[in-house]
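J.: sequence and computational prediction follow.
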Amino acid sequence: MSNLNFLHSGGNKVTLSAPASNPSSDITFKLPQSDGSSGQAIVTDGSGALSFANVASPYSFTQWYMTADFVINSGNSSGNENDVIENWAESNAGAYERLGTAPTYSSGQFSLPSTGYWKFTGHMIFYHAGAEVGDTFAFALRKSTDSGSSFNVIGMTGGRVDGQTQPNSKLCWSVSAVTKITNVSTHRIDVFGIAMATTGGARVMGGSQADINNTGGSAMIVEKMANL
């Protein structure tokens with residue numbers, strides 16, 4: 001096996017060695033013409049040409065909140081309603097710090113900035129002035145692969161009102177899901193609310209994350225777990 005030695009003035013050396021096994025053909029690596037920037041790594045174009053480039057981080061973290069209450073009101077007067085939960089905005093808390101690039105949000109739908117495995121965790125606070133025993137409420141995380149034309153459920157939580165719940169009592173449910181994003185142009189995520197109640201008027205609670213004197217509201221954490 002051939003070695004290329006670089007001798008240090010102190011007497012020790014650094015050695016570059018050929019592969020342990022004989023390559024299937026001759027290999028040529030072309031070094032970059034100039035140095036890269038701090039933090040960059042050497043990458044290949046797959047044909048032997050090496051260059052310096054930024055390496056995409058496999059991690060990202062953003063936090064979102066509901067700017068105002070959202071009424072689930074697209075159903076009928078009987079209270080059997082369903083709606084895409086809107087009013088999301090990136091956190092305005094003073095100590096909040098984003099990691100990586102934030103998703104884009106528009107009209108109830110989240111678009112991701114890069115492909116990979118993404119985790120959504122929603123903490124949904126809701127209340128209903130006319131809630132009665134047996135009323136059922138649920139929240140679902142849904143994914144679209146056709147730019148929002150159709151959605152499939154990737155995570156769901158919910159439950160029924162019991163005899164101890166009073167009207168306007170604040171209930172909190174969490175829903176979480178990890179999904180694979182392979183196309184940032186066509187993949188979308190939304191939060192879907194379902195209210196099966198005697199009367200309409202179920203609300204998802206909103207409130208500023210920057211004001212510790214209010215009661216806060218629903219929140220969403222969006223994390224990139226790994227690259228593809």
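T.: Sure thing, it's come through.

J.: C-alpha only now, for contacts and for neighbours.
T.: Will do.

J.: so what strands line up beside the helix or strand bottoming out on mean pLDDT in the chain?
T.: Among the helical and strand segments of the chain, the one scoring lowest on mean pLDDT, DSSP states H and E is strand 80-84, with a mean of 84. Sheet pairing here is set by DSSP bridges, and for strand 80-84 it gives strand 188-196 (antiparallel).

J.: how far is the partner strand from where the chain is centred?
T.: Put simply, strand 188-196 sits 16 Å off its chain's centre (CA atoms, centre = their mean, to the nearest Å).

J.: and if you look at stretch 201-211?
T.: Mean C-alpha position of stretch 201-211 versus that of the full chain (CA atoms, centre = their mean) differs by 21 Å.

J.: now that stretch: buried residues?
T.: Counting neighbours by 16 or more other CA atoms under 10 Å, one finds that the buried residues in stretch 201-211 are 201-209.

J.: only alpha carbons, please: show it as CSV.
T.: What follows is the C-alpha trace of stretch 201-211 in CSV, where atoms were taken according to Å, rounded to 0.1, in the frame of the first residue of the first chain:
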residue,chain,number,x,y,z
GLY,A,201,-69.1,27.5,19.6
ALA,A,202,-66.0,25.4,20.5
ARG,A,203,-62.9,27.6,20.7
VAL,A,204,-59.2,27.0,20.5
MET,A,205,-57.5,29.4,22.9
GLY,A,206,-55.0,32.0,21.7
GLY,A,207,-52.8,34.4,23.6
SER,A,208,-49.4,36.1,23.5
GLN,A,209,-46.3,34.1,24.6
ALA,A,210,-44.5,37.4,25.5
ASP,A,211,-47.0,38.5,28.2
